[in-house]
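Undergrad: Any chance you could fold what I've pasted below:
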Amino acid sequence: MQKISIDALARQQLAAATSASSGRAADTVYGGHEKVLRQTVIGMVKGTVLAEHESPGDTTVFVVSGRVRLIVGADSWQARTGDLLIVPDARHSLEAEEDAAILLTVAKRP
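TA: Down below sits the predicted model:
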């Protein structure tokens, strides 16, 4: 059994993102490429974009703090602290509309 404070990790990743040239920082909390389930806390500085990409499986984005926008083609959805976005099975991008920390959860398809 392992206990992790997502709030503390989110603060840590957001602090790391502010000094990173990419404007983001991440730490995988659970899983990885060898597991079906992967959960990653990502800190993003305002204006940072995770460029358009495919998802390897079912994906959700939980906003731990801040505000983000999920963009899928011509559609977009804004989410703020406490919101959960269910990512459509389509190419998408994610933009930090203000400094934000998210918990990205991916369950790879078999």
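Undergrad: What residues of the helix or strand of the chain with the lowest mean pLDDT count as buried?
TA: Confidence across the helices and strands of the chain bottoms out at strand 49-53, with a mean of 93, counting by mean pLDDT, DSSP states H and E. Buried residues in strand 49-53, counted by 16 or more other Cβ atoms under 10 Å: residue 50. Quick note: C-beta positions are derived from backbone N, CA and C, even for glycine.
Undergrad: Each with direction, which strands does it pair with?
TA: In the sheet, strand 49-53 lines up against strand 92-96 (antiparallel) (DSSP bridges).
Undergrad: How about the next helix or strand after the partner strand, which residues are buried there?
TA: Later in the chain than strand 92-96, the nearest helix or strand by DSSP states H and E is strand 100-108. Of all the residues in strand 100-108, those buried under the rule 16+ other Cβ under 10 Å are 100, 101, 102, 103, 104, 105, 106, 107.
Undergrad: Show residues contacting the least confident helix or strand of the chain.
TA: 24, 42, 44, 71, 91, 92, 93, 94, 95, 96 (Cβ atoms under 8 Å, 6 or more residues apart in numbering).
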